[in-house]
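J.: Provide a 3D model corresponding to the input given below.
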Amino acid sequence: MKYKYILPIIASSLMILSSCDDNMMEWGKDPEHGEVTGAELPLALVEKISRYEPLKNYSDFSLGNGIGVSLYMSDAAYRKIVNENFDEVTPGYEMKHGAMVNAKGEINFTNIDAFIAATKSAGLKVFGHTLVWHSNQNASYLNSIIAPTVIPGSSGTNILDVAGLKSGTFANWLRNNPGKGISIVANSGLTSSSQAIKLEASATSSAAHHLQLTSPNVPIVTGHNYEISFYIKSDIAGKGRISFNGSLTNMYPYKDWYNTGGSWVEAFATTSAWQQVKIKVAPGDFKAGSTTFQFNLDLGYLPNVTYLIDVNTIAVVDLDAPTGVVNLVSNGTFNSGITGWSKANGADNALSLAPAANAYEGSGAMKVINATDNPGLQYKTQIQTLFTIPLTAGKSYTTSFMIRSEAPGSMRCSTMPGSLANYQGDQTTSTTWKLIEWKITAKGGETGLSLDLGLLAGTYYIDNVTVTDGSSSGGGVTAPITIEKTDAEKAKIIGDAMTDWISKMMTHYKTGVFSWDVVNEPVKEDGTLRNGTEGDTATDYFSWVKYLGKDYAVTAFKLARQYGNATDKLFINDYNLELRLDKCDGLIEYVKYIESKGAAVDGIGTQMHISLTTDKDKIVQMFQKLAATGKLIKISELDIRLGTATPTVVQQASQAEMYQFVIDMYKKHIPAAQQYGITIWGVSDNSKEHEYWLPNESPNLWDANYVRKHAYKGTADGLAGKDVSLGFSGELVKP
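T.: Okay, the predicted model is just below:
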């Protein structure tokens, strides 16, 4: 089941009272005792339970415990219970992808290394949990590597006449040397719907000008810098250059297309991948008195090469052109901080500066954190800035900025003050940078801009904020181009990410971990395989099967075996196998499929998060089905909930009986050679240990104060195969 982590709990010492009163212990009245957990057990039973040995002394197989790593490392009392009672420990959360992988895909081994060293010194084994699951992933990272590629727009207004390209007429463009042909083709550009210029070199092409397309005249302003840019690719390795007509002192400057500013190269190369060519032309490159210039796309160096240039990306930008009305936002790039912006509503950490790694471009971006969902209340997290001058009534204004979020989110813009507010409709955000534009006609007197991000909880990054007078001749950035990755590309990227994760985990822990949950919870309740359409919207949800298909588990097991030890025990694990026998059947069939594809599965884990009402007949049938596989069988996450944090004596007795029943049936129906062992999920009933897992419950063997419960006896008796206390001698309670 989804289980993030077990949090620390407050420990208190086990207290055994000597008293003639054999009725009810009244620890709940002692303010120093700790949490009150409901009805107390009879004193005679408590003392009897206290005389039991540690649990592992009664077991013939591996007895494990699902624990919180930070709690084990920091709490001596908790650690003592674990060390004394169990052979093996399973980290509840800290070995998962979401805990160990950062935003760059790097794995941080530090915490688990220290944990393994500590458990090893205590004589404990560590069970690796878990390599491939749909929950507890660093979904933000995994989604980011398959997110669409966003091609930034030009840095200013495109002053190149591209109308003839978009119409296909080549009006004002010259096909001087067309080679095999120069044409416009639909749906061949960077995106599936964009146009491209197709330029085909002839079989005899051998010089740059043998395939040449010449631009319209571009106006020049004395003293201004210009930038020519476009995206290009070729069917085979190609070669090209930019040359100029008339207006430059050197018509063939061969400027560095990587835009390092001043390097001189012979030409640029092309490949089958889209790449950007970007060339700056400085004022000193023009002849005195020049008022226009033309440039040539020269692609005739090599024969039989076909080039594509995306029509939407070919641009000439006057880098020194005035923008008409100055940006009314004084600081929209955040390259020097977030001066001028303030938090009107939201948590203390709502507004901060994000570094360059999180910026759309430049050295910084604005980071906004909205802590909680607030349906219909976008203003609950609100970031504001004042305009440099108030807006003028009747004038049109355009607000423009780039935004992305670490998970699907929402935002809107509004203006200040409230009495003059204009409101934008809600805008969706995602892990991909998105251009948001909002056009309004001013009421007059609006003094500032609000970015409202209170609707959906999440972390947002905002960059390049402009508010301009829409009636001016200036413009903002050219819209970016978004390129979706194909299904094949996504499968390759996610497959590589899985290989990286599993290979590094297995290699790093080759001498420290020898048993693993390789695949966790692969089937749905009806026994069919999950396919990634289940709709979990948690921020740590990522479905490997959605991109890798049914064989994702085949790959995972092969990788685990390849990079681990030949003798490692590799498990597949799922829940509700005792609740839905068709789910149990489905898991078994999937194991058969995995092995039919050449991967080896050593064992099957059944979690068994159950209650007092769980059907015992189905528990038996589940064990019988699992035993028939011939695989190692592990009860991997056993706990028995009671539906309350304050159970009665009767409920505690029933819980003890159920623990014993499960263990008895496991030992009865799973052959000894297939009994890997049993892992109890969690240590105690303390509320802090159950903040995220089964809150307001009492599913464990120790109560909220680390005192053994009746369930401890039931578990020990089940492991021992008898009522251990029948062998005790002497008075249990002495007056």
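
J.: in a helix, W516, correct?
T.: No. Per DSSP: H, G, I helix; E, B strand; the rest coil, W516 lies outside any helix segment and is strand.

J.: burial of the residue nearest to it when sequence neighbours are not counted, as a residue count?
T.: Nearest in space to W516, with sequence neighbours left out and distances taken as Cβ to Cβ, 6 or more residues apart in numbering, is G128 at 3.9 Å. All C-beta atoms are positioned from the backbone trio N, CA, C, and that covers glycine. Per other Cβ atoms under 10 Å, the neighbour tally for G128 reads 27.

J.: who does the helix or strand of the chain with the lowest mean pLDDT pair up with?
T.: One helix or strand of the chain scores below all others by mean pLDDT, DSSP states H and E: strand 149-151, with a mean of 73. Using DSSP bridges, the strands paired with strand 149-151 are strand 481-483 (antiparallel).

J.: give me the contacts around the partner strand.
T.: 148-151, 153, 190-191, 194, 274, 310, 312-313, 432 (Cβ atoms under 8 Å, 6 or more residues apart in numbering).

J.: output these in CSV, with neighbour count and distance to Y552 appended to each entry.
T.: Formatted as CSV, the contacts of strand 481-483 follow (neighbours: other Cβ atoms under 10 Å; distance: Cβ to Cβ, whole Å):
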residue, neighbour count, distance to Y552
P148, 16, 23
T149, 14, 24
V150, 17, 28
I151, 18, 31
G153, 21, 37
L190, 20, 30
T191, 16, 29
S194, 17, 33
W274, 19, 29
D310, 23, 35
N312, 23, 36
T313, 24, 36
T432, 17, 24
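
J.: tabulate these (TSV), appending distance to L63.
T.: Listed next are the contacts of strand 481-483 as TSV, based on distance: Cβ to Cβ, whole Å:
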residue	distance to L63
P148	49
T149	51
V150	52
I151	57
G153	61
L190	59
T191	58
S194	62
W274	58
D310	63
N312	64
T313	64
T432	48
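
J.: returning to that earlier point: what comes into contact with the least confident helix or strand of the chain?
T.: Contacts to strand 149-151, defined as Cβ under 8 Å, 6+ apart, come from residues L190, Y231, Q276, T313, T432, W433, P480, I481, T482, I483, K485.

J.: for the stretch 151-300 of the chain, which segments count as strands?
T.: Here the stretch 151-300 of the chain has its strands, by DSSP state E, counting those that start in this stretch, at 174-177, 181-185, 196-200, 212-214, 218-219, 226-234, 238-245, 268-270, 275-281, 292-298.

J.: can you tell me which of the ones you listed the model trusts least?
T.: Ranked by mean pLDDT, the strands of the stretch 151-300 of the chain bottom out at strand 268-270, which scores a mean of 81.

J.: elements contacting it?
T.: With contacts defined as 3 or more Cβ pairs under 8 Å, 6 or more residues apart in numbering; DSSP states H and E, strand 268-270 has these neighbours: strand 226-234, strand 238-245.

J.: turn the ones you listed into a markdown table, including mean neighbour count and distance to T511.
T.: Converted to a markdown table, those look like this (neighbours: other Cβ atoms under 10 Å; distance: least, Cβ to Cβ, whole Å):
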| stretch | mean neighbour count | distance to T511 |
| --- | --- | --- |
| strand 226-234 | 22 | 47 |
| strand 238-245 | 21 | 51 |
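
J.: so which of the ones you listed is nearest T679?
T.: With Cβ to Cβ as the measure, strand 226-234 is the member of the helices and strands packed on strand 268-270 nearest T679 (53.8 Å).

J.: now stretch 134-152: buried residues?
T.: Residues of stretch 134-152 classed as buried: 134-144, 146-148, 150-152 (neighbour count, 16 or more other Cβ atoms under 10 Å).

J.: what sits against the residue nearest to W516?
T.: When contacts are counted by Cβ under 8 Å, 6+ apart, G128 touches M95, M505, Y509, V513, S515, W516, D517.

J.: which SS state does it fall under?
T.: Three-state call for G128 (three-state DSSP): strand.

J.: also the one 3 residues further on?
T.: Under three-state DSSP, the three-state class of L131 is strand.

J.: how near is it to D87?
T.: 22 Å (Cβ to Cβ, to the nearest Å).

J.: quick one on the thing from earlier: ok, so of the contacts of strand 481-483, who is nearest A321?
T.: In terms of Cβ to Cβ, no member of those lies closer to A321 than G153, at 15.1 Å.

J.: tell me the confidence at that closest one?
T.: In this model, G153 carries a pLDDT of 63.

J.: and if you look at the one 4 residues further on?
T.: T157 carries a pLDDT score of 69 in this model.

J.: related to what we said a few turns ago, can you lay out the strands of the stretch 151-300 of the chain as JSON lines showing distance to A99?
T.: Formatted as JSON lines, the strands of the stretch 151-300 of the chain follow (distance: least, Cβ to Cβ, whole Å):
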{"stretch": "strand 174-177", "distance to A99": "59"}
{"stretch": "strand 181-185", "distance to A99": "49"}
{"stretch": "strand 196-200", "distance to A99": "45"}
{"stretch": "strand 212-214", "distance to A99": "54"}
{"stretch": "strand 218-219", "distance to A99": "55"}
{"stretch": "strand 226-234", "distance to A99": "39"}
{"stretch": "strand 238-245", "distance to A99": "46"}
{"stretch": "strand 268-270", "distance to A99": "43"}
{"stretch": "strand 275-281", "distance to A99": "37"}
{"stretch": "strand 292-298", "distance to A99": "51"}
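
J.: that concludes my questions; thank you for your assistance.
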